[in-house]
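Visitor: pasted the sequence and its predicted model underneath.
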Amino acid sequence: MTQQQYKETAQAWAQRTEQRLAELCGEYLPQDAEIGQAARYSLLGGGKRVRAVLTLAACELAGAPAERALAYACALEMLHCYSLIHDDLPCMDDDDFRRGRPSCHKQYGEATALLAADALVTAAFEVIANAALPAQSRVQAAAVLAKAGGARGMLYGQELDKRYETQPASEEQLRALHAHKTGALIVAAVELGCLAAGADEALRAALAQYAAELGLVFQIVDDILDVTATTAELGKPAGSDASMDKTTFVTLYGLQGARALAESHNRAALDALQGFGEEAALLRLLADDLLQRKK
């Protein structure tokens, strides 16, 4: 697979996800209520759809058509969006912009934003429950999503994030924070793709290791971009970590050290795919793309 083929495939999958998400909004969100409008505003406001692409890629690598995992990919994007709405609230990261426009609570108010996020996370589980896949797959998918987004996953990561606003964090503590806050949903993405395809345990384990390393790459690059990119490039406030005096991989190691660490985890992600041939090319190119991203 060439770089151009990778970009075209990833873009096509992101667009297909966006299309299906718009359809699901009509099915699962109230059309005449402000919480429905606010949820659609946040969910369909753009974004890289990295998690959805990972889900579809894992499904295809396991030997099934990518489309089979689309419902799971959309459910994951719904849960991810709910987390972003909560992240932006004044009681959390207090960010006024997301994806280049006012965050949900700035556009609709805090109460409506909170309800819109709740609407998205509950709709995510409806989407899984109603997916055209075997019952066992749907039950396992719901469990994966609940664990990744819950108190043993993303929510715990957010608690750690708040904790280390008031005290310094070591590298080990920072890794634990981001393994939960960022990495949990990225690992869930490949797990959901595997469940949709009925993949064996060996493939699931290899992709989980790949995704865990990828999650750290994603976060380290985020930390770097918070220092080096502009607000216009990021679509959200640049320099927010420094303004809140957060410990990041950049504050621990400097820009050069953080870049070297990201490259190290990228190599580890690629190593997890060593048992696969050309069929894993998209996942390899995706890892390199996330390492080199500028926004």
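Guide: Looks like it arrived, so ask away. Numbers count the residues shown, from 1 in each chain.

Visitor: let me know how buried residue 70 is, in neighbour terms.
Guide: Here the number of neighbours of residue 70 (other CB atoms under 10 Å) works out to 24. To be clear about C-beta, it is placed using only N, CA and C from the backbone, and glycine gets the same treatment.

Visitor: that one contacts residue 19, doesn't it?
Guide: No - with contact defined as CB atoms under 8 Å, residue 70 and residue 19 do not form a contacting pair (9.7 Å).

Visitor: what's the distance between residue 146 and residue 119?
Guide: 17 Å (CB to CB, to the nearest Å).

Visitor: so if I had to pick from these two, which one is more boxed in?
Guide: Per other CB under 10 Å, whichever of residue 146 and residue 119 has more neighbours is residue 119, with 23 against 18.

Visitor: residues touching the more buried one, list them.
Guide: By CB atoms under 8 Å, 6 or more residues apart in numbering, the residues touching residue 119 are 29, 35, 36, 39.

Visitor: need the residues you listed in a markdown table with neighbour count, can you?
Guide: Shown next, in a markdown table, are the contacts of residue 119 (neighbours: other CB atoms under 10 Å):
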| residue | neighbour count |
| --- | --- |
| 29 | 20 |
| 35 | 20 |
| 36 | 18 |
| 39 | 30 |
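
Visitor: tell me where the stretch 101-250 of the chain has helices.
Guide: Under the criterion DSSP state H, counting those that start in this stretch, helices of the stretch 101-250 of the chain are mapped to 104-108, 110-129, 135-149, 154-163, 171-181, 183-197, 201-228, 231-234, 240-243, 249-271.

Visitor: pick the most deeply packed of the ones you listed.
Guide: The highest mean neighbour count among the helices of the stretch 101-250 of the chain, using mean count of other CB atoms under 10 Å, belongs to helix 183-197: a mean of 28.
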